[in-house]
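Novice: Show me how the following folds:
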Amino acid sequence: MTLKYYVIHPFLDSQDKTNKFKDGRPYQKGEPFPATKREVSEMRLEQLSSDENALKRPVIQAIPEESAVEEQKSGE
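Specialist: Sure, this is the predicted structure:
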């Protein structure tokens, strides 16, 4: 089963800096993570899913892909 990750608390991803996002890509609650198709390590996903990050709280949550699709359909 594939997991999708969604933002549960706003944060700046300091590991996703670009010319547009010099301090890191901003994420808002409810957005998918990552916003692009870039590879994110398991360690980074664990970090953002726990309190082992700069905000000291989980900022993303894993949802099975089937549940994510159903949630999107019910929200339409």
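Novice: From now on I want contacts and neighbour counts done on CA atoms only, so please keep to that.
Specialist: Noted.
Novice: what about the spatially closest residue to P10 that is not a sequence neighbour, distance to I60?
Specialist: Counting by CA to CA, 6 or more residues apart in numbering, P10 lies nearest to Q28, which is 4.5 Å off, once chain neighbours are set aside. Summarising the geometry, the distance separating Q28 from I60, computed by CA to CA, to the nearest Å, is 10 Å.
Novice: How about T18?
Specialist: 21 Å.
Novice: which one of these two has more residues nearby?
Specialist: Just comparing T18 and I60: by other CA atoms under 10 Å the higher neighbour count belongs to I60, 27 against 10.
Novice: pLDDT score assigned to the residue nearest to the more buried one when sequence neighbours are not counted?
Specialist: For I60, the nearest residue in space outside its immediate sequence neighbours is V7; the separation is 4.3 Å by CA to CA, 6+ apart. V7 carries a pLDDT value of 98.
Novice: doesn't G30 make contact with V7?
Specialist: Yes. Between V7 and G30 there is a contact at 5.2 Å, judged by CA atoms under 8 Å.
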